[in-house]
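Engineer: Fold the following for me, if possible:
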Amino acid sequence: MSDWFRRTVVETGRLPLFCFFSGFIVGFAFIRFSVRMIRAQVKWWPGNVTPGGMHIHHVVFGVIFMLIGGVIGLAIPDDLVGWRSLAAGLFGIGSALVLDEFALILHLDDVYWSEAGRTSIDAVFVAIALTGLLVLGLRPVGIDDLIQARALGPGAVGWAIAGVGAMLHLGLCAITLLKGKIWTGLLGLFVPVLLYVGAIRLARPHSPWARWRYLAETPKAESKLARAQWRERQLRGPAIRAKIRLQELVAGRPDATPEPDPEQDHAPR
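Structural biologist: The predicted structure is shown next:
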């Protein structure tokens, strides 16, 4: 294991990235443990930070950690890998605290324990997956072509070919994302075959692509929408339910949405 770590991480110069990845996971695990202890009202846990009665969300501390870690990482010389790795770890902890409240930033509302708060967990899972692939040495599509073009010299042909290839894959990624396949599009940046599959297959029924292409009153559009809705129910439904169970296992179950009172709905105003 130590030999693999030395060859894969240390000798390839990815130690700071590994420390960022580790700091991110540790920071996320700690803050989720903390908020669950606070939610359960465990007496021995310190609780929220509320100076003067004002609740300071942990995204604030995350921004501070990211600022400190980022500035230190930029200021330290490249040859001081240990200190740069320490700064990267601090930056990773701060990033975890920020993304754990991504839904709060997105909605500008405290939706942490609501259904909308699951967006934060999705953001964290995406960050962990993509950073993990980078730690393992995978590169986004087009990077290797650009490196090869640079090695060939200043000629424009190599750069043009590399640029066209990168733009092609970015276009396929955009189509896949517009079809509502977020994981396929993002992971496809590292595994290009996923981009081709995602761009060719049907869009999810509530995606922008489906709204643009499947709502026309034509037999072909209606057939595609019907097939997309069937796939969403029969194929994606179990996967989505499994993802939600994993999210609740890791991050806790959101608060139940209160049922609307029919009497109040019809009460005079």
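
Engineer: Every contact and neighbour count from this point should use C-alpha atoms.
Structural biologist: Noted.

Engineer: Check which helix or strand Lys224 maps to.
Structural biologist: helix 219-231 (DSSP states H and E).

Engineer: typo on my end, it should be Thr131
Structural biologist: Using DSSP H and E, Thr131 falls in helix 118-135.

Engineer: Check which helices and strands that helix sits against.
Structural biologist: The contact analysis (3 or more C-alpha pairs under 8 Å, 6 or more residues apart in numbering; DSSP states H and E) places helix 118-135 against helix 15-39, helix 81-99, helix 102-107, helix 182-188, helix 237-251.

Engineer: Asn48 against Ile38, yeah?
Structural biologist: Yes - using C-alpha atoms under 8 Å, Asn48 makes contact with Ile38 at a distance of 7.2 Å.

Engineer: pLDDT weak spots in the chain?
Structural biologist: 1, 142-159, 161-162, 256-269 (pLDDT under 70).

Engineer: I'd like to know how many residues surround Leu130.
Structural biologist: Neighbourhood size, Leu130 [other C-alpha atoms under 10 Å]: 18.

Engineer: Excluding sequence neighbours, find me the nearest residue to it.
Structural biologist: Leu187 (7.2 Å; C-alpha to C-alpha, 6 or more residues apart in numbering).

Engineer: quick one: that neighbour from Asp100, how far?
Structural biologist: 21 Å (C-alpha to C-alpha, to the nearest Å).

Engineer: Comparing these two, which residue is more hemmed in?
Structural biologist: Asp100 (28 against 19).

Engineer: And the nearest residue to that one once chain neighbours are set aside, how far from Pro208?
Structural biologist: Nearest residue to Asp100, sequence neighbours excluded (C-alpha to C-alpha, 6+ apart): Ser120, at 5.3 Å. Computed as C-alpha to C-alpha, the Ser120 to Pro208 distance reads 22 Å.

Engineer: neighbour count winner among the two?
Structural biologist: Set side by side, Ser120 and Pro208 show more neighbours around Ser120, with 22 against 16, by other C-alpha under 10 Å.

Engineer: Might you report the residue contacts of the more buried one?
Structural biologist: Residues in contact with Ser120 (C-alpha atoms under 8 Å, 6 or more residues apart in numbering) are 99-103.
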